[in-house]
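**Q** Only the shape, not the letters, is given here:
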């Protein structure tokens, strides 16, 4: 088709009297245009009949990459199922001549287009048109659409910082010029600190000597503190041993006291019995009235003896129990 004028193009759809109903779908060229018919139709790999037998791939290629460059790539077949992640299928190195005589090598990677990428929507919205030989080479929509969406992406070349670092390190550091007459008055913290591998002079020597004294004092304090701790532990052990000795001596002393108390109690009981016997003898020689009094006294005395005996037995049991508990406690410790 060749244009004949630049007038406005009329619509190629004619509507019927009924609104919204399309009357004729046959293609009609715009005004002042005519349909071009090819005299010879050659078979093409992109013919509509051939595309049914193959897959259509849409590859986005940057400017400057030719078909010859693409022909040098060896492509790995992608998976038939779409993936959300990018998959690299091939790599390409292309030499490009920059300004002057120098040349640079650009690296490219052929990757699958993920739905989250920036140009995925643009590529996936494209609909391919292929020629149809049966209709005189007219372009029709591919029946199976695009099977794979790929993009050839240039890899950014990050320059190494090693040469620049070597250049910076090799630069001499010039001494900063100072005005005449200046005196250093302010010294920041750490100004006199010794740098490893350097010799001290002036105030640096004084600082090192003072620091050595501080370290010696710290070491002496640590040794004295350790000695005091050892002495405290020894004193504590001595106190524990003395307490054990006192406890043993106390047990022996308690036994001696118990023996003396028992002897005194026995003597008192014997004296009381002798006095009671004397009173009974005197009572026998007295009148009957006095005899009755003596008998009642005998009853009271016997009861009191019984009570004393019970008290003594309880006391003995209690003492034995306490001694037994002390002995068990001492054995446990």
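**A** Arrived safely. Since we're looking at a predicted model, the values are computed, not measured.
**Q** Not counting its neighbours along the chain, what's nearest the spatially most central residue of the chain?
**A** Central residue of the chain (C-alpha atoms, centre = their mean): residue 85, 28.7 Å from the mean position. Once flanking residues are discounted, residue 85 sits nearest to residue 114: 6.3 Å by C-beta to C-beta, 6 or more residues apart in numbering. All C-beta spots, glycine's among them, are computed from the backbone N, C-alpha and C.
**Q** Provide the secondary structure category for the one you found.
**A** Of the three states, residue 114 takes coil according to DSSP: H, G, I helix; E, B strand; the rest coil.
**Q** Same check on residue 49?
**A** Judged by three-state DSSP, the three-state class of residue 49 is helix.
**Q** and the spatially closest residue to it that is not a sequence neighbour, what are its phi and psi?
**A** Leaving aside its sequence neighbours, residue 49 sits nearest to residue 133 (C-beta to C-beta, 6+ apart; 7.4 Å). Main-chain torsions, residue 133, degrees, to the nearest 10: phi -70, psi -30.
**Q** and residue 55, how far is that from residue 45?
**A** 12 Å (C-beta to C-beta, to the nearest Å).
**Q** Which residue ranges of this protein form helices?
**A** Along the chain, counting by DSSP state H, helices occupy 48-51, 67-71, 120-124, 162-170, 203-284, 288-332.
**Q** Can you list the low-confidence ranges for the stretch 101-250 of the chain?
**A** 101-102, 118-119, 194-205, 247-250 (pLDDT under 70).
**Q** Can you name the residues that contact residue 108?
**A** 62, 65, 91-94, 152-155 (C-beta atoms under 8 Å, 6 or more residues apart in numbering).
**Q** thinking again about what came up before, hey, which of the helices of the chain is tucked in deepest?
**A** Across those, averaging neighbours per residue (mean count of other C-beta atoms under 10 Å) puts helix 48-51 on top, at a mean of 16.
**Q** Check which helices and strands that helix sits against.
**A** Judged by 3 or more C-beta pairs under 8 Å, 6 or more residues apart in numbering; DSSP states H and E, the packing partners of helix 48-51 are strand 129-132.
**Q** Buried residues in the strand it packs on, which are they?
**A** Using 16 or more other C-beta atoms under 10 Å as the test for burial, strand 129-132 gives 130-132.
**Q** Out of those, which comes closest to residue 324?
**A** Proximity of the buried residues of strand 129-132 to residue 324 (C-beta to C-beta) peaks at residue 130, which lies at 114.2 Å.
**Q** Bridged to the closest one, which residues?
**A** residue 140 (DSSP bridges).
**Q** right, and it touches residue 145 too?
**A** No. The pair residue 130 / residue 145 is not scored as a contact, 10.9 Å apart, by C-beta atoms under 8 Å.
**Q** And the residue nearest to the centre of the chain, how close does it get to residue 59?
**A** Going from residue 85 to residue 59 by C-beta to C-beta gives 19 Å.
**Q** And for residue 161?
**A** 35 Å.
**Q** Likewise for residue 220?
**A** Noted for residue 220: a distance of 82 Å to residue 59, by C-beta to C-beta.
**Q** Give me the pLDDT value at the nearest residue to residue 45 once chain neighbours are set aside.
**A** Spatial nearest neighbour of residue 45, excluding adjacent residues (C-beta to C-beta, 6+ apart): residue 54 at 7.7 Å. On pLDDT, residue 54 comes in at 80.
**Q** Kindly report the same for residue 316.
**A** We have a pLDDT of 80 for residue 316.
**Q** Please report how far it lies from residue 171.
**A** In this view, residue 316 and residue 171 are 106 Å apart by C-beta to C-beta.
**Q** What of residue 212?
**A** Counting by C-beta to C-beta, the gap from residue 212 to residue 171 is 39 Å.
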